[in-house]
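> This is a predicted model, with the sequence first.
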Amino acid sequence: MHGHPFSGPTQLWWGKGARATRPRNIFFDLGPSGVPPPSDMFRAGGLIDEAGNVVDRARLHRLMATIERRTSSVPEPRDNRNLPSGYTYLLQFIAHDMVDSVPFFGISGHTIVPDARNARAVPLMLETLYGSGPDEVPHAYSVTQHQEESGLIPRIRLRTGLRAPPTSSHDPSPEKDPYCPFRDIARNTAQKTADGQADVSSRLTEVMLADARNDAHALISQLTILFQLLHNHVISLIENAIAPFEETLRLPTRELAYREFQCARMVVVLIYRNIIEKDVLARILDKRVHQRYVLEKKPLLDHGGGLPQEFSFGAFRFAHAIVRESYRLNSFSPVGVTEEALRRSALQAHFGELPIKPNWFVDWAHFFENSKGIEPNFSKRISPRYPAALSITPTEFPEKVEGVDAGGLMHRDLLSAAFAGVLSVRALIRIAQEKGIEVIDDFAAWETRLRGWLSSVGQLFNPNDVSRIAKDPPLPFFVLFEAARIGRSDEADGGQRLGPLGSVILAETILGSMAGHPLGVQGDTLKERIKVCGEVLFNTQTGSLASPASGALPSAVCAALNEIDEIEGMTALLDYMERANAFAQN
């Protein structure tokens with residue numbers, strides 16, 4: 001979910017001696033003084049030693065494969081009516097905005113050790129959408145009349161594919177699919193072959209995005225278009241407000257364009273963060289944890305900076321378990337299997353299956369709550385079970401141990417956590433309780449529940465393995481087990497939200513990322529914060545830029561931006577974009 005397919009954090013380094021860099025653990029500050037004691041680390045019941053080295057690789061792989069086989073016998077979870085399926089892919093988009101694992105190499109002793117680093121220096125700033133801006137990733141931005149006149153003028157609109165009208169009565173239509181952008185992301189051909197000859201192929205292998213992972217499959221690319229269109233709509237609001245003043249402004253066209261772009265980006269990020277805090281977290285966090293962190297805004301407990309391993313390789317992997325086996329994409333599409341919806345776009349490009357056909361255009365009314373009376377696809381309740389559609393072939397599994405690996409995504413997630421160096425569940429619960437989080441059950445109670453669950457299916461586990469897992473469960477598995485409330489009296493209500501421990505890890509990391517990288521825009525409401533963007537970025541009353549129009553310009557921009565609703569969730573965003581005709585803009 002988080003790294004590139006070829007360079008995930010664990011694909012270059014899977015237990016090959018010492019890591020080039022030491023990862024950060026939650027609740028422990030960076031630096032030598034913040035290194036957790038070896039007794040607090042996940043050891044897979046002794047299969048990983050105190051130095052972090054795997055004692056028996058085949059046995060560790062076999063243990064994780066057995067856990068996956070046990071979870072495959074879990075009945076398919078019920079629909080989670082608290083969480084429409086659009087949030088499944090919004091969470092993936094958020095993951096791309098927090099983690100971008102890229103390879104690098106370090107030296108340990110006399111050995112060059114492959115490793116990975118997170119290229120997201122500033123999380124939750126929509127770098128996954130904007131990249132480093134139009135000067136650094138111009139292919140992700142549209143060419144406009146300004147660029148035709150002067151290459152010095154920056155591109156300020158995000159590039160999208162052209163809006164495609166229905167071609168038959170069996171295609172989705174604007175009347176029946178109100179929240180559908182009716183387009184694919186922008187794509188191009190390679191144009192040249194390796195030997196420099198013209199490429200006559202029509203295969204659209206080149207993705208015109210700042211983050212190519214947002215074309216991993218059709219659902220994430222269609223969600224990316226949603227945010228691209230929101231940005232372009234905000235640009236239009238600003239440009240229309242500025243148009244009457246352009247002749248009297250003493251502002252160079254280049255600088256004016258930068259101000260327009262930065263203002264639009266700030267507005268979109270403000271909306272995006274508001275949705276994360278007031279909609280996404282409200283749906284996925286345990287209610288008591290949400291009360292503490294979001295509603296009461298109590299101080300965060302983790303001050304290490306950067307993303308902890310327990311988030312990237314543990315709690316946030318829960319989103320894999322909520323994927324549906326099938327979806328309805330729009331008013332005319334049949335209910336399709338997830339395997340097709342999540343087919344890698346890179347493969348489709350080489351097979352000549354892109355751009356996507358109209359029957360794959362997503363109407364987001366089928367994925368989020370809406371005012372149109374359309375019941376959305378709902379995600380599955382959180383449980384220790386991955387859908388069959390997320391299974392992968394053994395050839396795609398890195399560092400496979402022959403005859404041991406299960407070949408599924410859950411197995412890969414479990415092994416990733418084992419090799420990443422995460423804190424043990426026992427230590428995480430103890431530390432959280434010591435810091436005043438009282439809503440987490442003691443680990444002793446969970447150990448008993450784990451033993452009962454692991455032993456309930458025939459002879460799948462030997463007694464030693466049951467003991468290993470019950471005493472030291474892998475974090476991604478435990479987060480799912482906790483959310484499902486397995487073994488508790490309220491198990492029937494489980495899976496609608498994360499459990500307390502998983503919720504604390506997510507709340508600390510996501511809210512910590514936003515608090516650690518504030519936008520510097522003050523205001524009690526979204527509309528007040530948006531107004532500040534217009535006032536600050538278009539205040540040109542001083543210095544050589546002053547002109548008779550300068551005083552009125554910020555007011556005009558703020559008045560235009562005031563048309564944006566107080567958007568606190570995805571339903572409100574979709575309703576606003578439809579009313580503003582943003583889906584139809586190019």
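Everything's here; your move. Numbers count the residues shown, from 1 in each chain.
> Let's verify residue 106: helix, strand, or coil?
Three-state call for residue 106 (DSSP: H, G, I helix; E, B strand; the rest coil): strand.
> distance of it from residue 266?
36 Å (Cβ to Cβ, to the nearest Å). For the C-beta atoms, the positions are set from N, CA and C on the backbone; glycine is no exception.
> Of these two, which one has the most company?
Regarding residue 106 and residue 266, a neighbour count based on other Cβ atoms under 10 Å identifies residue 266 as having more, with 23 against 15.
> Now for the more buried one: which residues touch it?
Going by Cβ atoms under 8 Å, 6 or more residues apart in numbering, residue 266 touches 519, 521, 533, 537.
> Whichever of those end up buried, select them in PyMOL.
Here is the PyMOL selection string for the buried members of those, based on 16 or more other Cβ atoms under 10 Å:
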select buried, resi 521+533+537
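> tell me the two of the contacts of residue 266 that are most distant?
Farthest pair in the contacts of residue 266 (Cβ to Cβ) is 519 and 537. Separation: 12.4 Å.
> In what element of secondary structure is residue 290 found?
Assigned by DSSP states H and E, residue 290 belongs to helix 287-290.
> So which residues lie in contact with that helix, not counting its own?
Contacting residues not belonging to helix 287-290 are listed as 281, 282, 437, 439, 497, 500, 503, 504, 507 [Cβ under 8 Å, 6+ apart].
> Apart from its neighbours in sequence, what residue is nearest the second one?
Nearest residue to residue 282 in three dimensions, chain neighbours excluded: residue 290, at 6.0 Å (Cβ to Cβ, 6 or more residues apart in numbering).
> So what's the residue count around the one you found?
Residue 290: 19 neighbours (other Cβ under 10 Å).
> Ok, the one 4 residues further on next?
As a burial measure, residue 294 scores 16 neighbours (other Cβ under 10 Å).
> how about the closest residue to it other than its chain neighbours, what does it touch?
Using Cβ to Cβ, 6+ apart and skipping the chain neighbours, the partner closest in space to residue 294 is residue 281 (5.7 Å). Listed by Cβ under 8 Å, 6+ apart, the contact set of residue 281 reads 290, 293, 294, 506, 507, 510, 511.
> Mind putting those into JSON lines with secondary structure and pLDDT?
Output for the contacts of residue 281, formatted as JSON lines (DSSP: H, G, I helix; E, B strand; the rest coil; pLDDT from 0 to 100):
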{"residue": "290", "secondary structure": "helix", "pLDDT": "98"}
{"residue": "293", "secondary structure": "helix", "pLDDT": "97"}
{"residue": "294", "secondary structure": "helix", "pLDDT": "97"}
{"residue": "506", "secondary structure": "helix", "pLDDT": "98"}
{"residue": "507", "secondary structure": "helix", "pLDDT": "98"}
{"residue": "510", "secondary structure": "helix", "pLDDT": "97"}
{"residue": "511", "secondary structure": "helix", "pLDDT": "97"}
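> Relative to residue 511, how far out is the residue nearest to residue 282?
Going from residue 290 to residue 511 by Cβ to Cβ gives 11 Å.
> swap in residue 528?
20 Å.
> same deal with residue 409?
Applying Cβ to Cβ, the value for residue 409 to residue 511 is 28 Å.
> And these two? Which one has more around it.
Legend: neighbour count by other Cβ under 10 Å for residue 409 and residue 511, higher for residue 409 (22 against 19).
> surely that one meets residue 387?
No - here residue 409 does not reach residue 387: they are 9.2 Å apart, not a contact under Cβ atoms under 8 Å.
> Skipping adjacent residues, who's closest to residue 154 in space?
In this structure, residue 154 finds its nearest non-sequential neighbour in residue 134, 4.5 Å apart by Cβ to Cβ, 6+ apart.
> what does residue 473 give?
In this structure, residue 473 finds its nearest non-sequential neighbour in residue 425, 5.4 Å apart by Cβ to Cβ, 6+ apart.
> what sits against the one you found?
By Cβ under 8 Å, 6+ apart, the contact list for residue 425 reads 42, 443, 446, 472, 473, 475, 478, 501.
> Mind putting the contacts of residue 266 into TSV with secondary structure?
Shown next, in TSV, are these (three-state DSSP):
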residue	secondary structure
519	coil
521	coil
533	helix
537	helix
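> Including pLDDT and distance to residue 319, could the contacts of residue 266 go into JSON lines?
Below are the contacts of residue 266 laid out as JSON lines (pLDDT from 0 to 100; distance: Cβ to Cβ, whole Å):
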{"residue": "519", "pLDDT": "91", "distance to residue 319": "25"}
{"residue": "521", "pLDDT": "92", "distance to residue 319": "29"}
{"residue": "533", "pLDDT": "95", "distance to residue 319": "31"}
{"residue": "537", "pLDDT": "91", "distance to residue 319": "35"}
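> Tell me the one among the contacts of residue 266 nearest to residue 565.
For those, the residue nearest residue 565 by Cβ to Cβ is residue 533; the value is 15.6 Å.
> Next, the buried residues of stretch 72-86.
For stretch 72-86, by 16+ other Cβ under 10 Å, it's 74, 77, 80, 83, 84, 85, 86.
> what's the straight distance from one end of it to the other?
Using Cα to Cα, to the nearest Å, the span of stretch 72-86 from its first residue to its last is 25 Å.
> Can you list the neighbours in contact with it?
Contacts for stretch 72-86 (Cβ under 8 Å, 6+ apart): 223, 283-284, 322, 324-325, 327, 364, 367-369, 376-385, 457, 484, 495-497, 570.
> In helices, which of the residues you listed fall?
Residues of these located in helices (DSSP state H): 223, 283, 284, 570.
> between these, which has the most around it?
Using other Cβ under 10 Å as the neighbour criterion, residue 284 leads the ones in helices among the contacts of stretch 72-86 with 27 neighbours.
> State the distance from that residue to residue 90.
Distance, residue 284 to residue 90, using Cβ to Cβ: 10 Å.
> mind listing the strands for the chain?
For the chain, the strands defined by DSSP state E occupy 79-84, 101-108, 111-118, 187-188, 206-207, 326-327, 336-337, 378-380.
> can you list the ones you listed in a markdown table and add distance to residue 143?
Listed next are the strands of the chain as a markdown table, based on distance: least, Cβ to Cβ, whole Å:
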| stretch | distance to residue 143 |
| --- | --- |
| strand 79-84 | 36 |
| strand 101-108 | 28 |
| strand 111-118 | 32 |
| strand 187-188 | 13 |
| strand 206-207 | 16 |
| strand 326-327 | 35 |
| strand 336-337 | 35 |
| strand 378-380 | 39 |
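> Just say which of these is most tucked in.
strand 378-380 (a mean of 24; mean count of other Cβ atoms under 10 Å).
> which residues sit against that one?
With Cβ under 8 Å, 6+ apart as the test, strand 378-380 has contacts from 76-81, 83-85, 87-88, 321-324, 387, 495.
> And stretch 425-434, what's buried?
Buried residues in stretch 425-434, counted by 16+ other Cβ under 10 Å: 425, 426, 427, 428, 429, 430, 431, 432.
> Among those residues, which ones are in helices?
Secondary structure of the buried residues of stretch 425-434 is defined by DSSP H; positions in helices are 425, 426, 427, 428, 429, 430, 431, 432.
> The last one reaches residue 503, doesn't it?
Okay, so that is residue 432. No - using Cβ under 8 Å, residue 432 is not in contact with residue 503, being 10.4 Å away.
> Distance of the closest residue to residue 316 other than its chain neighbours relative to residue 109?
Leaving aside its chain neighbours, residue 316 sits nearest to residue 95 (6.2 Å; criterion: Cβ to Cβ, 6+ apart). For residue 95, the distance to residue 109 equals 34 Å [Cβ to Cβ].
> More neighbours: which of the two?
Remark: of residue 95 and residue 109, residue 95 carries more neighbours, 20 against 8, as counted by other Cβ under 10 Å.
> wait, the more buried one sits on residue 317?
No - using Cβ under 8 Å, residue 95 is not in contact with residue 317; the gap is 9.4 Å.
> thinking again about what came up before, quick check, pLDDT for the residue nearest to residue 294.
Looking at residue 281, its pLDDT is 98.
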